[in-house]
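Enquirer: give the three-dimensional model of this entry:
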Amino acid sequence: MSRAPIYVTRPVLPPFDDVLPLFQDIWNSRVLTNGGAMLQRFEAALASYLGVEHLVLTSNATLGLIISLRHYGITGEVITTPFSFVASSHAIGWAGATPVFADLTAGSPNLDPAAVEARITPETQAILAVHCYGIPCDTEALARIADRHGLRLIYDAAHAFGVRSNGRALAAEGDLSVLSFHATKVFNSVEGGAIIAPDRDTRMALERLGNFGIEDEVTVTETGLNAKLSELHAAMGLALLPRMDDLIAARGRVASRYARSLSQIAGLDCLCPSERPGHNSYAFPVLVGPDYPLSRDGLYEKLRTHDIFARRYFFPLISDLPMYRHLPSADPAGLPNARRMADSVLCLPLYPDLDPSDQDRIIAILADPGS
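Expert: This next block holds a predicted model:
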């Protein structure tokens with residue numbers, strides 16, 4: 001009997017009946033974009049949920065990163081990670097700056113602060129760090145480095161929706177943090193994102209940059225982008241937001257079940273702290289080591305033969321891609337920890353309503369890959 005495929009993630013959706021009244025409000029207003037009432041409601045509800053005072057909604061996180069860099073006039077070098085989705089580095093290039101890759105902390109998916117500091121030159125203007133899998137970077141060490149060298153510190157927090165660290169919202173760290181509300185994320189508005197800003201003036205400046213640089217009806221003060229979130233996307237996010245505590249808790253239960261079941265399998269190491277308070281269980285990455293019967297790629301292919309689609313997030317390294325491999329900082333000799341991470345990590349299927357029987361299928365293959 002054929003079984004339905006199991007993908008690495010599956011978008012969560014609000015109840016259809018919760019969306020319809022919001023869509024009816026939009027239909028009645030005939031306002032579809034340009035910061036209408038629905039976007040304003042979503043913005044206020046989201047800021048309250050996240051525990052931040054100022055944020056700017058964007059049509060996606062990539063544009064949020066570009067706007068963040070443009071706001072600070074970053075056109076020199078930006079130290080960043082090679083272990084991320086390509087948008088992190090692409091945004092640096094689209095902003096007119098140059099990515100400089102630094103290595104990861106050994107055994108971690110996040111930047112090594114010492115490696116970051118070693119990459120600083122007179123051309124360095126910013127650090128763009130990623131809270132990979134929602135695991136917080138060493139924010140205190142990175143802040144000290146940024147302060148010491150007069151650099152801007154921007155976080156790609158695409159994986160970190162709702163994560164709390166040291167008693168505060170992780171998205172409040174740095175000069176700016178950018179969240180993603182893409183369909184595959186912990187929280188989504190189908191497409192979308194947000195920039196967490198430190199104050200009202202910064203928020204207003206970011207809003208202008210995301211609306212063509214328009215100051216008022218007759219005044220355009222800078223070369224901005226069109227990064228506005230539509231009313232329809234805002235309605236989707238607004239309908240889903242009240243369910244997020246329950247959905248994150250459900251993700252945590254799936255992650256904990258993986259962690260318990262895989263703890264005795266030699267050669268598989270769970271990377272995410274499924275029991276850490278404040279974590280959002282965005283993903284469930286495992287490191288496939290030499291003691292496991294299959295290589296990482298062998299396990300990836302084995303799962304595929306059973307219609308289980310795990311993902312090698314992130315492989316290859318961004319620094320290996322043709323548009324970046326020419327950079328001096330892309331030399332593999334300077335990125336040994338990132339290389340090991342990219343060559344050994346495999347993200348298992350995880351979403352709030354992953355059926356326990358489907359999870360059992362995955363765990364059984366991991367426990368006995370020769371079957």
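Enquirer: which residues of the chain fall in helices?
Expert: For the chain, the helices defined by DSSP state H cover 16-29, 37-50, 61-71, 87-94, 113-118, 139-149, 200-209, 231-240, 244-262, 296-305, 336-344, 356-367.
Enquirer: for the protein, give me the ranges with low pLDDT.
Expert: Low-confidence segments of the chain (pLDDT under 70): 1-2, 273-275.
Enquirer: break it down into its domains, please.
Expert: For the chain, automatic domain parsing gives the domain ranges 16-242, 244-367.
Enquirer: tell me the centre residue of this protein?
Expert: Central residue of the chain (Cα atoms, centre = their mean): Ala158, 2.2 Å from the mean position.
Enquirer: what's the closest non-adjacent residue to it?
Expert: Leaving aside its chain neighbours, Ala158 sits nearest to Ser180 (3.6 Å; criterion: Cβ to Cβ, 6 or more residues apart in numbering). Yep, even glycine has a C-beta here, placed from its N, CA and C like the rest.
Enquirer: pairing partners for the one you found in the sheet, please.
Expert: Beta-bridge partners recorded for Ser180 (DSSP bridges): Gly193.
Enquirer: does it touch Ile195 like I think?
Expert: No. Using Cβ atoms under 8 Å, Ser180 is not in contact with Ile195, being 11.1 Å away.
Enquirer: give me the distance between the residue nearest to the centre of the chain and Ala227.
Expert: As judged by Cβ to Cβ, to the nearest Å, Ala158 and Ala227 stand 15 Å apart.
Enquirer: what does Ala146 give?
Expert: Ala146 sits at a distance of 25 Å from Ala227 (criterion: Cβ to Cβ).
Enquirer: cool, His306 as well?
Expert: According to Cβ to Cβ, His306 and Ala227 sit 41 Å apart.
Enquirer: do Ile248 as well
Expert: Counting by Cβ to Cβ, the gap from Ile248 to Ala227 is 27 Å.
Enquirer: same thing with Arg340?
Expert: The gap separating Arg340 from Ala227 is 36 Å, by Cβ to Cβ.
Enquirer: between these two, which is the more surrounded one?
Expert: Ala227 (23 against 15; other Cβ atoms under 10 Å).
Enquirer: now do the same contact list for that one.
Expert: By Cβ atoms under 8 Å, 6 or more residues apart in numbering, Ala227 lies in contact with 58-60, 63-64, 67, 209-211.
Enquirer: report all helices and strands that the strand ranked longest in the chain contacts.
Expert: Criterion DSSP state E: the longest strand present in the chain is strand 124-130. For strand 124-130, the contact count by 3 or more Cβ pairs under 8 Å, 6 or more residues apart in numbering; DSSP states H and E identifies helix 61-71, strand 77-80, helix 87-94, helix 139-149, strand 152-156 as packing neighbours.
Enquirer: which of those sits closest to His326?
Expert: Comparing the helices and strands packed on strand 124-130 against His326 with Cβ to Cβ, the closest turns out to be helix 87-94 (12.8 Å).
Enquirer: how about residues contacting the closest one?
Expert: 61-62, 65-66, 69, 78, 80-81, 98-99, 128, 130, 156, 158, 318, 323-324.
Enquirer: buried residues, it. List them.
Expert: Using 16 or more other Cβ atoms under 10 Å as the test for burial, helix 87-94 gives 87-92, 94.
Enquirer: right, and His159 touches Ser281 too?
Expert: No. Counting by Cβ under 8 Å, His159 does not reach Ser281; the two are 10.5 Å apart.
Enquirer: overlap in contacts of the two?
Expert: Common contacts of His159 and Ser281 (Cβ under 8 Å, 6+ apart): 134, 186.
Enquirer: who's more crowded, the two?
Expert: Neighbours were counted for His159 and for Ser281 using other Cβ under 10 Å; Ser281 has more, 27 against 23.
Enquirer: excluding residues flanking it in the chain, which one is nearest that one?
Expert: Spatial nearest neighbour of Ser281, excluding adjacent residues (Cβ to Cβ, 6+ apart): Arg251 at 3.8 Å.
Enquirer: ok, the one you found - contacts?
Expert: Arg251 sits in contact with 186, 280-282, 350-352, where contact means Cβ under 8 Å, 6+ apart.
Enquirer: I'd like to know how far it sits from Val12.
Expert: The spacing between Arg251 and Val12, counted by Cβ to Cβ, is 9 Å.
Enquirer: which residues do the two both contact?
Expert: With contacts defined as Cβ under 8 Å, 6+ apart, the residues shared by Arg251 and Val12 are 351-352.
Enquirer: tally of neighbours for Ala239?
Expert: 22.
Enquirer: that one is in contact with Phe16, isn't it?
Expert: No. Contact criterion Cβ under 8 Å: Ala239 and Phe16 do not qualify, at 9.1 Å.
Enquirer: re earlier: distance to Pro369 added to the contacts of Arg251, as a markdown table?
Expert: Formatted as a markdown table, the contacts of Arg251 follow (distance: Cβ to Cβ, whole Å):
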| residue | distance to Pro369 |
| --- | --- |
| Val186 | 29 |
| Asn280 | 29 |
| Ser281 | 24 |
| Tyr282 | 25 |
| Leu350 | 19 |
| Tyr351 | 23 |
| Pro352 | 27 |
